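In: sequence first, predicted model second:
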Amino acid sequence: MSGGPHQLFDPEAPPLSAPEEAAGPERRAVSGGAGPVPTADPDPEERSGVLSIGSLYEEVEDALGSAFPRNRHLWVRGEIQHISDHRSGHLYLSLVDPDADGGAPGSRARGGVPTLNVKCWRSSWTPLRHALSKEGIALAEGMVVVLRGTLDLYRAKGEISLVLVEVDVTALLGRMAAQRARLVRTLEAEGLLGRNRSLRVPDLSMHVGLIASPGTEGCQDFLGQLTGSGFGFRISLVPVPVQGPHAPAAVARAVKVLSRSDCDVIAIVRGGGARADLAAFETELVARAVAGATKPVFTGIGHTGDETVADITAARACITPTECGHQIVVSTRRWWAAHVAEPSALLARRVPGFLADAQARDGQARSRLTAAARHQVRVHRDRLVRKASSVGRSAPGRLESREAAVRALAGRLGPMSLGHLGRQDERLQSWRRLQSAYDVERQLERGYSLTLTSGGALVRSAADVVEGQKIVTRFADGTVRSTVDGADMKQEQEQESDD
């Protein structure tokens, strides 16, 4: 078996020419590597029927041109699997069959789910996008569309694609309307359509939870109504994107956050724009979040005439963000009028009458008080006059009687005081005699002596001194200092001391 290279049989290879047929088996490829090996292989460029890449694509383009001429537009239905709105202005899509889930019979017969790449050049996509936006349509992944265009071969990638020139808007609008109606019916069947409307809207809503995109015209219009009202509204703003793929989840999350807060109402505002710009508020995620909110939800989305599913499920739907803020201000102003302005006006009307009545009552009270005071003054003045007259008449007699009593007491007081003084003098003399009898100096004059220690303590017995102690003996005519040589005590005292 030869070790040279072998060419496998290709059933799509061009047929051999007559000279090659005449060359016999030596010029033919051997299937499976068995058989004779060709002795000379001609230059591939000299073989007839061999195509270059460019020639191959030309034949493919000719075949496509014959089957699908440039002037023949094809309608294709598919689900958008991927979309790219390129910064260059071109649009690129990838379509798959809506019912091809990868497991259907034949879906992988040629390597997977059939996919068609679609491209729309900037010159066509710009007006087409504007037309779709006016109808409220924004192409997105997962959307089933019907497109019209022509087939095109892109040689650089060997790729057949559809050049988009038209989108079946009617089919899209019908499908979107059907989906919207189906969502509304589902919410109604679950009892969610009127749940938020059943919540009581507070008469006074001073704390407003706002869901909006800060800095946008809709947000500014809403805030302008509140700040220009003169009331001190407290606003808790939760910033969210109001369009784009992340808007529905952000809005739903903000509704749940504000439902757990202490706000009185929740306001969702979004300024006007194309119908497609309001797509986030048509989603089931936002509709269920609004329906399940624990606070009344006010919506101000789009322009007059725009009604989204979020508007249908909200407690109060307003035609614009300005109107939404105005409704809250009107409710607050109505409460203010009923509870503050009208009572204040009524009080202002009645206060002058109250003051006039009070002043009249005060004047009457003053008059009564003055009359009563004057009467009391007259009564007490008359009483004082009577008392003065009585005192004037009775005073001389009373003075004479009191003077006689004083003279009688004075006559008795002299003898009584003299007797009392005599008795006290006798008592004093008796005390003096007793004091003289016990006086120390008198005792010393009678021959007694007084013995003291050097410290001045009285020596009462022999036991009070010790041998060698200095003592002082006092006499009537002087003192004697001496030292104790010894102390002789009576025998009884010594026995008592021993005992």
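Out: Received, thanks.

In: break down the stretch 201-350 of the chain into its strands, ranges please.
Out: 207-212, 234-239, 265-270, 297-301, 316-318 (DSSP state E, counting those that start in this stretch).

In: quick one: contacts of the first one?
Out: Meaning strand 207-212. 218-219, 222-223, 226, 233-240, 242, 251, 254-255, 258, 261-270, 295, 321, 328 (Cβ atoms under 8 Å, 6 or more residues apart in numbering). For every residue, glycine as well, the C-beta is placed using N, CA and C.

In: got the angle for that strand vs strand 265-270?
Out: If you take axes from the mean of the first three to the mean of the last three Cα atoms, to 10 degrees, strand 207-212 sits at 20 degrees to strand 265-270.

In: ok, strand 207-212: who's next to it in the sheet?
Out: strand 234-239 (parallel), strand 265-270 (parallel) (DSSP bridges).

In: could I get the ones you listed in CSV, plus columns for mean pLDDT, mean neighbour count and distance to Val60?
Out: Supplementary listing: the strands paired with strand 207-212 in CSV, determined by pLDDT from 0 to 100; neighbours: other Cβ atoms under 10 Å; distance: least, Cβ to Cβ, whole Å:
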stretch, mean pLDDT, mean neighbour count, distance to Val60
strand 234-239, 94, 15, 54
strand 265-270, 94, 29, 50
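
In: so what are the domain limits for this structure?
Out: Annotated domains of the chain cover 70-167, 196-333, 444-488 [automatic domain parsing].

In: scan the chain for its longest helix.
Out: helix 342-437 (DSSP state H).

In: any weak-confidence spans in the stretch 251-400 of the chain?
Out: 274-276, 305 (pLDDT under 70).

In: how does it look with 80?
Out: 272-277, 303-306 (pLDDT under 80).

In: just to revisit the earlier point, in CSV: the domains of the chain, plus distance to Ala395.
Out: CSV is the format used below for the domains of the chain (distance: least, Cβ to Cβ, whole Å):
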stretch, distance to Ala395
domain 70-167, 120
domain 196-333, 82
domain 444-488, 70
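
In: looking at those domains, which is buried most?
Out: Highest mean neighbour count of the domains of the chain: domain 196-333, a mean of 20 (counted as mean count of other Cβ atoms under 10 Å).

In: break down the protein into its helices, ranges please.
Out: Using DSSP H, helices in the chain cover 18-22, 53-67, 122-134, 169-189, 217-227, 247-259, 284-291, 309-313, 321-336, 342-437, 440-445, 491-498.

In: deepest of the ones you listed, which one?
Out: Greatest average neighbour count among the helices of the chain goes to helix 309-313 (a mean of 24), per mean count of other Cβ under 10 Å.

In: hey, what's the residue nearest to Asp85 when sequence neighbours are not counted bridged with?
Out: Excluding its sequence neighbours, the residue lying closest to Asp85 (Cβ to Cβ, 6 or more residues apart in numbering) is Leu91, at 5.7 Å. When assigned by DSSP bridges, Leu91 has beta-bridge partners Asp85, Cys120.

In: let me see the contact set for Leu91.
Out: Contacts of Leu91 by Cβ under 8 Å, 6+ apart are Ile83, Ser84, Asp85, Val118, Lys119, Cys120, Trp125, Arg129, Leu139, Leu164.

In: would you turn the strands of the stretch 201-350 of the chain into JSON lines with distance to Asp477?
Out: Formatted as JSON lines, the strands of the stretch 201-350 of the chain follow (distance: least, Cβ to Cβ, whole Å):
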{"stretch": "strand 207-212", "distance to Asp477": "117"}
{"stretch": "strand 234-239", "distance to Asp477": "115"}
{"stretch": "strand 265-270", "distance to Asp477": "125"}
{"stretch": "strand 297-301", "distance to Asp477": "130"}
{"stretch": "strand 316-318", "distance to Asp477": "133"}
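
In: ok, which of the ones you listed comes nearest Thr370?
Out: Closest approach to Thr370 among the strands of the stretch 201-350 of the chain (Cβ to Cβ): strand 234-239, 57.4 Å.

In: how far off centre is stretch 431-448?
Out: Centroid displacement of stretch 431-448 relative to its chain, using Cα atoms, centre = their mean, to the nearest Å, is 106 Å.
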